[in-house]
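Chemist: model the following, please.
(2 chains)
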Amino acid sequence: IVLALLDMSRFEPPPKDCPGFETEQAGKASACAGCPNQTICSTAPKGPDPDLVDIAARMELVKNKILVLSGKGGVGKSTFSAQLSHAFAHSGEANVGLMDVDICGPSIPRMLGLEGEELFQSGSGWQPVSVLDNLSVMSIGFLLNSTDDAVIWRGPKKNQLIKTFLKDVDWGELDYLVIDTPPGTSDEHLSLASYLKDAGGIDGAVIITSPQEIALMDVRKEINFCKKMNISVIGVVENMAGFVCPNCKKESQIFAPSTGGAEKMSQDMQIPFLGRIPLDPLIARACDEGKSYVADYPDSEATKQFKLVFEKITTSVRENKRVV
Amino acid sequence: ITTRMNAVKRKILIMAGKGGVGKSSLASLLTLALAERGKKVGVLDTDLCGPSMAKLMGVSGMHVVNTQYGWKPVRHPVHDISSMGIDFLMDHPDAPVMWRGPRKTQLVRRFIKDTFWGRLDFLLIDTPPGTSDEHLAVVQSLKDARPDGAVLVATPQDVALTTVRKELTFCQRMGIKILGVVENMSGYACPCCDEITYIFRQGGAEALAQEHGLPFLGRIPIDPAMGACAEKGQCAFCECPSSVGVKAVSDVVDKLLHVLS
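Modeler: Now for the predicted structure:
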């Protein structure tokens, strides 16, 4: 009887004596037998990836690339990404792009009121869809005939699409590219990190969570993912933190922070805590209707808290740039 | 796989397109509810990046043991429930699982092929959000074992429903019967004044079920008491049996058993 423990110490663990997946021997060496990536390695083209050069060229025009992450689904990544993009676009003359790499569950088109929009291709590449003059969006949602269409793709195909979004979309000059991600620490996240490595890297990641331990469990993994991939974490946002009853105005904790919530977790992991955003039923409605909650309800508690978080994010991004 | 699955009477997938709608919570509650009714239940967590089942079943920190018959799943301290998932194979709970598709597929297949469940009345399979590697791995591995079907979980908002529709499409394309739709987080009763607020809107999942001619298994409200049990890995049916959420889950189980029969 043996305790079955997986060796988690290596990520994307290649076998011992792995020849390296970029080399001629990739997938063909004796050490490759049994490695789940063997087929991909033996059939993939070798040598430096020419697409990375194209990605670097596009990304040279992008001043700040900000990832919005969470280990956990349904905590409000896309909602936050949408509001963050709006906030950047409304602050001064910033040009903003929002890239939705959630391939199975793209929510961004709906949240920005762009459902049904189609993509056009020009000589300079795929044209992202405009929300405002200075805010444009790319998502697989625009490539589907119907919102019911399921994208049942395995990892490699998802990676290919992310590459396309990075190298073939004519973003133009951007001050901010906000990248909304699906939950997890898998293909999409690994690919973004690797494709952007030689294209200026990722300027920072904002991590979203809800207060419960069941969410924090996954978020700790995400923070460790960032640490392993050398992605600088701008900070953690605690979303769905508290609910104010519209009737009696008393606050209750729906998703109770049974282990101290995101603030304690941030302290434990030595990551900045950016703030707490409460639940408001109008947020869900705004998302469904494709409207900007922050613009439509500027005096609500959630908007006030969001603005504080936004201030911290812009300060952090500016300071990081100065350090560099 | 066929041999193992022949000893399992009912195999049910719990799916949603969208993350955070309560798949794992519902999977754990259905597991507990069925065990309360005297059934032998197994629960398999195929979410490799964000596994929740160990915590929800109150068996965090325990490990699976490898025997000559395969991986022996972890037993629940009280009920006749066995659990399997990546949690039980890892030493460090905060270590990220940074695996690409092929490796995830391989492990999910192993879960199905190598876990020694023994005889079960029900095997519930919790899935991560999406329609990708893990889902294909489960469906393809179970192909000859013919799962009974999937329960789809959604919150009432359109944004969640859009994604659930994709899951529906996935099930249709893969030939998986949809046993029913559950609307989760359907309303919240303020503990002070009992006013119900539909934070994530209302009725959307029921409308979707009707639209597609699917059984609607019921609405589960946001119930902090039930949520608190989940956070602590306690059985909500034992700790707060009269709470509104627990009653709603019991109704869902009744309807599900009816659909299965």
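Chemist: return the residues of the stretch 201-324 of chain A in contact with chain B.
Modeler: Taking CB under 8 Å from any CB of the partner chain as the contact definition, the stretch 201-324 of chain A meets chain B at A:210, A:212-214, A:217-218, A:220-222, A:224-225, A:228-229, A:243, A:245-248, A:250, A:252-256, A:258-259, A:279, A:281, A:284-285, A:287-288. In short, each C-beta sits where N, CA and C put it, glycine included.
Chemist: list buried members of those by neighbour count.
Modeler: By neighbour count, with 16 or more other CB atoms under 10 Å in any protein chain shown, these hold A:210, A:212-214, A:217-218, A:220-222, A:224-225, A:229, A:243, A:245, A:252-256, A:258, A:279, A:281, A:284-285, A:287-288 as buried.
Chemist: let's see which of those residues end up in helices.
Modeler: A:213-214, A:217-218, A:220-222, A:224-225, A:281, A:284-285, A:287-288 (DSSP state H).
Chemist: okay, now the unreliable bits of the chain?
Modeler: Reading this off chain A. Along chain A, segments meeting pLDDT under 70 span A:1-24, A:44-47, A:321-324.
Chemist: that's the wrong chain, I wanted chain B
Modeler: If you take pLDDT under 70 as the line, chain B has these spans: B:159.
Chemist: strands of that one, start to end?
Modeler: B:8-15, B:41-45, B:65-67, B:70-72, B:74-75, B:81-84, B:120-126, B:149-154, B:178-183, B:188-189, B:196-197, B:216-219 (DSSP state E).
Chemist: same thing with the stretch 151-300 of chain A?
Modeler: For the stretch 151-300 of chain A, the strands defined by DSSP state E, counting those that start in this stretch occupy A:174-180, A:204-209, A:233-238, A:243-244, A:251-252, A:273-276.
Chemist: for those, which one sits closest to residue B:64?
Modeler: strand A:204-209 (28.0 Å; CB to CB).
Chemist: let's see that closest one as PDB, backbone CA atoms only.
Modeler: C-alpha atoms of strand A:204-209 as PDB (Å, rounded to 0.1, in the frame of the first residue of the first chain):
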ATOM      1  CA  GLY A 204       0.900  43.300 -13.500                       C
ATOM      2  CA  ALA A 205      -1.900  41.100 -12.400                       C
ATOM      3  CA  VAL A 206      -5.000  42.000 -10.500                       C
ATOM      4  CA  ILE A 207      -6.400  39.000  -8.600                       C
ATOM      5  CA  ILE A 208     -10.100  38.900  -7.800                       C
ATOM      6  CA  THR A 209     -11.600  36.800  -5.100                       C
END
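Chemist: so which elements touch it?
Modeler: Applying 3 or more CB pairs under 8 Å, 6 or more residues apart in numbering or on different chains; DSSP states H and E, we find strand A:204-209 packed against strand A:62-69, helix A:77-90, helix A:213-228, strand A:233-238, helix A:301-323.
Chemist: right, and the ones you listed - which one's nearest residue A:191?
Modeler: Nearest to residue A:191 among the helices and strands packed on strand A:204-209 is strand A:62-69 (12.1 Å), distances taken as CB to CB.
Chemist: touching that closest one from outside, list them.
Modeler: A:59, A:77, A:80-81, A:84, A:97, A:171, A:173-181, A:189, A:192, A:196, A:200-208, A:222, A:226, A:231, A:234, A:313, A:317, A:321 (CB atoms under 8 Å, 6 or more residues apart in numbering or on different chains).
Chemist: I only care about these that end up buried; give me the ChimeraX line for that.
Modeler: To isolate the buried members of the contacts of strand A:62-69 in ChimeraX, using 16+ other CB under 10 Å:
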select /A:59,77,80,81,84,97,171,174,175,176,177,178,179,180,181,189,192,196,202,203,204,205,206,207,208,222,226,231,234,313,317
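Chemist: phi, psi of residue B:187?
Modeler: phi 90, psi 150 (degrees, to the nearest 10).
Chemist: count the residues that sit near it.
Modeler: 20 (other CB atoms under 10 Å in any protein chain shown).
Chemist: in contact with it, which residues?
Modeler: The contact partners of residue B:187, by CB under 8 Å, 6+ apart, come to B:196, B:197, B:198, B:199, B:202, B:219, B:221, B:222.
Chemist: now the stretch 101-250 of chain B against chain A: closest residue?
Modeler: For the stretch 101-250 of chain B, the residue closest to chain A is residue B:101, as judged by CB to the nearest CB, at 2.6 Å.
Chemist: against residue B:76, how distant is that residue?
Modeler: Per CB to CB, to the nearest Å, residue B:101 is found 31 Å from residue B:76.
Chemist: the two: which is more packed in?
Modeler: residue B:101 (24 against 20).
Chemist: which residues touch the more buried one?
Modeler: Applying CB under 8 Å, 6+ apart to residue B:101 gives the contacts A:154, A:155, A:156, A:158, A:186, A:187, B:132, B:133.
Chemist: now do 7 Å
Modeler: A:154, A:155, A:156, A:187, B:133 (CB atoms under 7 Å, 6 or more residues apart in numbering or on different chains).
Chemist: can you pull out the helices in the stretch 1-150 of chain B?
Modeler: Here the stretch 1-150 of chain B has its helices, by DSSP state H, counting those that start in this stretch, at B:2-6, B:23-36, B:53-56, B:101-114, B:133-141.
Chemist: which one of those helices lies nearest to residue A:272?
Modeler: In terms of CB to CB, the element of these nearest to residue A:272 is helix B:53-56, at 26.2 Å.
Chemist: for that closest one, give me every contacting residue.
Modeler: Contacts with helix B:53-56, where a contact means CB under 7 Å, 6+ apart, come from A:214, A:217, B:24-25, B:28, B:43, B:45, B:60, B:83, B:85, B:87-88, B:126, B:230, B:233.
Chemist: and that helix, how far out from the chain's middle?
Modeler: 11 Å (CA atoms, centre = their mean, to the nearest Å).
Chemist: for residue A:29, which of the helices of the stretch 1-150 of chain B is the nearest?
Modeler: Comparing those by CB to CB, helix B:101-114 comes nearest, at 17.3 Å.
Chemist: residue A:79 is in contact with residue A:287, isn't it?
Modeler: Yes. Applying CB atoms under 7 Å, one finds residue A:79 in contact with residue A:287, separated by 5.7 Å.
Chemist: hey, what's in contact with both of these two?
Modeler: residue A:111.
Chemist: you'd agree residue B:156 is up against residue B:181?
Modeler: No. With contact defined as CB under 7 Å, residue B:156 does not reach residue B:181; the gap is 11.2 Å.
Chemist: any residues in contact with both of those two?
Modeler: residue B:205.
Chemist: residue B:231 and residue A:211 touch, don't they?
Modeler: No. Counting by CB under 7 Å, residue B:231 stays clear of residue A:211, with 10.1 Å between them.
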